[in-house]
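Q: For reference, the sequence and a predicted model appear below.
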Amino acid sequence: MLHRTPLSVLAVLASTLLFSAGFNFFLVPQQLLTGGVSGIAMMIGYFADLNIGLMLFLFNLPLMIWGWFVIGRRFIVLSILFVTVSSWLLHVMPVLPVIDDPLLGAVFGGVLVGIATGVALRAGGSSGGFDILGSIVTKSRDFPLGSTLFVLNGLVILSMGVLEGWEAALYSMISIYVSGRIVDAIHVRHVKVTLFIVTRRKEELLEKLMARPRGVTLLKSVGAFTHVENDMLMTVVTRYELAELRKIIRETDPDCFVSIVETAGVIGSFRRDW
């Protein structure tokens, strides 16, 4: 639903508002953290008295440049839009302590940040940081990042505990957990899907699909009702790539039939050798 470009841009812009509100209304007033690069930016902002929005943009900048050359341009453009607008909003939006309870701040801040991140991913972009890193890694290898991201977030929380105190660190863990659960409910990360594409524009569509790093299998199919022969293309991609692939298919053959199923696992080479 969010894969059309105008809707994607609107969805990303709306998600930046939720993201910034979660920060400046719930997390920052309680000196709490969220996960990933955002958490690092927040921690440095707290202790060095620097602008968190500026830190968030600077930390994301090298990842966005890297992703520009490695990942699909549409994904990175939407991610750059999210990071740029949210960094600006964090700078101009006042820090207002809506509530005084750090537990409620952690929960509701995590909910807003999780919704924002999930919507950005569903729109075909990301909230930057580890999401871009995850997309880069899963482009080149079949590598589950869940454990790695958990360790990285754990190091951020450990640093928070040592520097600020364990009460704030534990509340931050609640925020990260809630945010992660919300994101998983909206968009399952690092999940692979298989596309079965029945098309009458095989050559045109195959040319565009083969320009991507995923393999494509060509199958012959016959309609059971119409008895018309068609070509069917099968390919396996990550969830990160799905929005971009939908756009390619829709622009090439808007009348084709596409079935998308979740894939439990892949045996063999997931990335096509050039």
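A: Looks like it came in fine. Residues are numbered from 1 along each chain as shown.
Q: use CA for all of it now, contacts and neighbours both
A: Fine.
Q: if we look at stretch 178-189, which residues are touching it?
A: 107, 110-115, 117-119, 121-122, 239-240 (C-alpha atoms under 8 Å, 6 or more residues apart in numbering).
Q: any chance of those in TSV, with pLDDT and distance to L233 too?
A: Output for these, formatted as TSV (pLDDT from 0 to 100; distance: C-alpha to C-alpha, whole Å):
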residue	pLDDT	distance to L233
V107	94	44
G110	91	40
V111	94	39
L112	94	39
V113	91	37
G114	89	35
I115	92	34
T117	87	32
G118	86	29
V119	89	29
L121	82	25
R122	80	24
R239	72	18
Y240	67	20
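Q: nearest to A264, of the residues you listed?
A: In terms of C-alpha to C-alpha, no member of the contacts of stretch 178-189 lies closer to A264 than R239, at 12.7 Å.
Q: For this protein, name the helix or strand with the lowest mean pLDDT.
A: Lowest by mean pLDDT, DSSP states H and E among the helices and strands of the chain is helix 130-140, with a mean of 67.
Q: Just to be sure, which of the contacts of stretch 178-189 are found in strands?
A: Per DSSP state E, strands hold no members of those.
Q: just the residues you listed now: which is nearest V228?
A: Using C-alpha to C-alpha, the contacts of stretch 178-189 come closest to V228 at R239, 31.6 Å.
Q: okay, now H227: neighbour count?
A: Residues within reach of H227, counting by other C-alpha atoms under 10 Å, total 9.
Q: And D100, by the same measure?
A: 11.
Q: would it count as being in a helix?
A: No: according to DSSP: H, G, I helix; E, B strand; the rest coil, D100 belongs to no helix; its state is coil.
Q: Would you state the helices of this protein in chain order?
A: Along the chain, the segments classed as helices by DSSP state H run 5-21, 36-48, 52-70, 73-92, 102-122, 130-140, 146-164, 166-186, 202-210, 239-252.
Q: Next, the buried residues of the shortest one.
A: Right, helix 202-210. Going by neighbour count (16 or more other C-alpha atoms under 10 Å), the buried part of helix 202-210 is 202, 205-206, 209.
Q: for the residues you listed, which one is nearest V9?
A: L209 (24.2 Å).
Q: Can you give me the distance of that closest one to I71?
A: According to C-alpha to C-alpha, to the nearest Å, L209 stands 15 Å off from I71.
Q: and what of R181?
A: 26 Å.
Q: just L56 next, same as before
A: 21 Å.
Q: L219: neighbour count?
A: 13.
Q: Before I go, just wanted to say thanks for your time.
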